[in-house]
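1. Just to be clear, the model below is a prediction. Sequence and coordinates:
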Protein chains: 2
Amino acid sequence: MKRNAKETEKKILQAAINIFSKKGFSAATTSEIAKEAKVAEGTIFKYYPKKKELLHAAMVEMIELFGESIAIDSLKKVIQENEDQSIEIILKAIVLDRITLFQDHLQLIKVIFYEMQFHKDIKELFLSKVSKNGIPIFAQIFEKGKKQGQFKDINSLIAMRSFMGMIIFMLLQREFLYKENAFENIEEEVDVLIDIFLNGIKRG
Amino acid sequence: MKRNAKETEKKILQAAINIFSKKGFSAATTSEIAKEAKVAEGTIFKYYPKKKELLHAAMVEMIELFGESIAIDSLKKVIQENEDQSIEIILKAIVLDRITLFQDHLQLIKVIFYEMQFHKDIKELFLSKVSKNGIPIFAQIFEKGKKQGQFKDINSLIAMRSFMGMIIFMLLQREFLYKENAFENIEEEVDVLIDIFLNGIKRG
DNA sequence: GAGTTAAGTGAGTGAGTACTCACTTGATAT
DNA sequence: ATATCAAGTGAGTACTCACTCACTTAACTC
């Protein structure tokens, strides 16, 4: 092997992810990706013979990162570390951990959700890994809470979805609307969301 | 005026919306839009000199539809009609009304959220109309509930966002995962979501 | 330092794009 | 019937794109 090929491939992949997230798959051009990666346009095609293979590789990269290792592992870790804490603390730890993930990989997440709409294979890839691995771990917390009599007898999947919806919608709004100070005072808002989720907004 | 020009323009706009929602703005071609609208490619450019103007027109169409008339009006109407009902019934009426809107205009909604990412003008247009008109009306319900002592002293905006997040996330999941029977048994799930929102998932 | 070969190059190509324009069509007014 | 002109056409144009390939560069062997 001459002139670190693995490095070059990585550079191209990262550049592709950058451009894809800025412009989307169709509007991104291979010449622009080449410039961003600081390689000749031809070099891209040595590694990814079709543009769509670049997109696919970016998705796989993300799913490796999320679906198996970082996402699931860190979720498991957070749950374990806080096992004996109150549900409020467990949820908060999980949410803050997930927010960090969201912040760190926002670009990747955006491309995936953007392209999933149009490419069935990517959608399946994502769903089979992230949803089918992540959701059961998450749902487990609710099941445990139910068994311990802490929670009402509510469908765990619906409960989890509600909670995820609250959190994700908040993050999207922050990222989308304010942007500059998107992650300021986020802990306070998380506290409020957890309180709503656990105790509702009605006066007892 | 010969050969109904308004009709032709509508046909082109609707075809554009269809193709844009299927493929996104960049991947959509004017020749394909022409075929879908059953006009010659040149005709498109008589009405919309640039492709991006077609996109913009589609956005404006949607915002007219949503931002001012249907969305806000039907929201106001639902709130008025159910003024004296319990908060559970008011919320359910609003949600079911919003779900109908979501179903009816899903295609449009998709294009908008898709393209907002890349076109600042469209984002501004959308936010200035929908958010700034819709949100205050919605927030008003929570303020009223707070004043009447029904609700805890929780930030109305955060409360509303949580609720919206729960609902929207549910809709997206249904649309995304099951698709075929996306809106089956939705009333039951809405009831659960409202219960979680009002009373929380913790055992009293 | 000549030879080997993987790694990298970039001008070139053909397909396909957004957009143009000289033209045709057909409803209406006279 | 004829003239008028908005409405509609589609081949043509300039350009951009993804992708190719004959070639160069440089790290390694002997």
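-> Nice, thanks for sending it over. Numbers count the residues shown, from 1 in each chain, chains lettered A, B, ... in the order given.
2. What count of nearby residues applies to the residue in chain A positioned nearest to DNA strand C?
-> Nearest residue of chain A to DNA strand C (CB to the nearest atom of the strand) works out as residue A:42 at 1.8 Å. Glycine gets a C-beta too; all of them are placed from N, C-alpha and C. A count of nearby residues for residue A:42, using other CB atoms under 10 Å in any protein chain shown, gives 9.
3. Next one: it relative to residue A:34, how far apart?
-> 8 Å (CB to CB, to the nearest Å).
4. picking up where we left off before, secondary structure element for the residue of chain A closest to DNA strand C?
-> According to DSSP states H and E, residue A:42 maps onto helix A:41-47.
5. quick check: mean pLDDT across the first helix or strand past that helix going along the chain?
-> Using DSSP H and E, the next helix or strand after helix A:41-47 towards the C-terminus is helix A:51-63. When pLDDT is averaged over helix A:51-63, the result is 88.
6. Repeat that for stretch A:27-43.
-> On average, stretch A:27-43 scores 96.
7. repeat for stretch A:110-118
-> Mean pLDDT, stretch A:110-118: 78.
8. got the contact list for it?
-> For stretch A:110-118, contacts defined as CB atoms under 8 Å, 6 or more residues apart in numbering or on different chains pick out A:17, A:20-21, A:24-25, A:55, A:58-59, A:62, A:122-123, A:126, B:23-24, B:27, B:110, B:114, B:117.
9. now that stretch, how far from the chain's geometric center?
-> Chain-centre distance of stretch A:110-118: 12 Å, with CA atoms, centre = their mean, to the nearest Å.
10. Spell out which parts of chain A neighbour DNA strand C.
-> Within chain A, the positions adjacent to DNA strand C are A:1-5, A:7-8, A:39-43, A:45-46 by CB under 7 Å from any atom of the strand.
11. just the buried members of the residues you listed?
-> A:8, A:39, A:43 (16 or more other CB atoms under 10 Å in any protein chain shown).
12. Surely residue A:72 is in contact with residue A:135?
-> No: taking CB atoms under 8 Å as the definition, residue A:72 is not a contact partner of residue A:135, at 10.6 Å.
13. pLDDT weak spots in chain A?
-> A:1-2, A:67-71, A:178-184 (pLDDT under 70).
14. does any part of the strand or helix carrying residue A:6 sit near DNA strand D?
-> Using DSSP H and E, residue A:6 falls within helix A:5-23. No: using CB under 7 Å from any atom of the strand, helix A:5-23 stays clear of DNA strand D, coming no nearer than 9.5 Å.
15. hmm, which two among the residues of chain A next to DNA strand C are most spread apart?
-> Largest separation among these by CB to CB: A:1 and A:41, giving 22.4 Å.
16. and chain A, which of its residues are near DNA strand D?
-> Contacts of chain A with DNA strand D, taken as CB under 7 Å from any atom of the strand, map to A:2-3, A:28-31, A:41-42, A:45, A:49-52.
17. Got the domain ranges for chain A?
-> Using automatic domain parsing, the domain parsing of chain A gives A:1-49, A:58-199.
18. need those domains in JSON lines with distance to residue B:197, can you?
-> Listed next are the domains of chain A as JSON lines, based on distance: least, CB to CB, whole Å:
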{"stretch": "domain A:1-49", "distance to residue B:197": "33"}
{"stretch": "domain A:58-199", "distance to residue B:197": "7"}
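19. right, and residue A:79 touches residue A:90 too?
-> Yes: using CB under 8 Å, residue A:79 makes contact with residue A:90 at a distance of 7.0 Å.
20. residues shared between the contacts of these two?
-> The contact sets of residue A:79 and residue A:90 overlap at residue A:141 (CB under 8 Å, 6+ apart).
21. residue contacts, residue A:177?
-> B:127, B:131.
22. Report the separation between it and residue B:131.
-> Distance from residue A:177 to residue B:131, by CB to CB: 8 Å.
23. Same check on residue A:39?
-> From residue A:39 over to residue B:131 (counting by CB to CB), the distance is 42 Å.
24. right, and residue A:21 touches residue A:108 too?
-> Yes: here residue A:21 reaches residue A:108: they are 7.4 Å apart, a contact under CB under 8 Å.
25. The helix holding residue A:6: how far from the chain's middle?
-> Chain-centre distance of helix A:5-23: 19 Å, with CA atoms, centre = their mean.
26. Helix A:51-63 and that one, what's the angle between them?
-> Orientation of helix A:5-23 against helix A:51-63 (axes from the mean of the first three to the mean of the last three CA atoms, to 10 degrees) gives an angle of 100 degrees.
27. Which elements pack onto helix A:5-23?
-> helix A:30-37, helix A:41-47, helix A:51-63, helix A:106-116 (3 or more CB pairs under 8 Å, 6 or more residues apart in numbering or on different chains; DSSP states H and E).
28. now what about it, what contacts it?
-> With CB under 8 Å, 6+ apart as the test, helix A:5-23 has contacts from A:28, A:32-34, A:36-39, A:43-44, A:47-48, A:54-55, A:57-58, A:61, A:107-108, A:110-111, A:114-115, B:26, B:118.
29. Apply 7 Å and report the result again.
-> Applying CB atoms under 7 Å, 6 or more residues apart in numbering or on different chains, the contact partners of helix A:5-23 are A:28, A:32-33, A:36-37, A:39, A:43-44, A:47, A:54-55, A:57-58, A:61, A:107-108, A:110-111, B:118.
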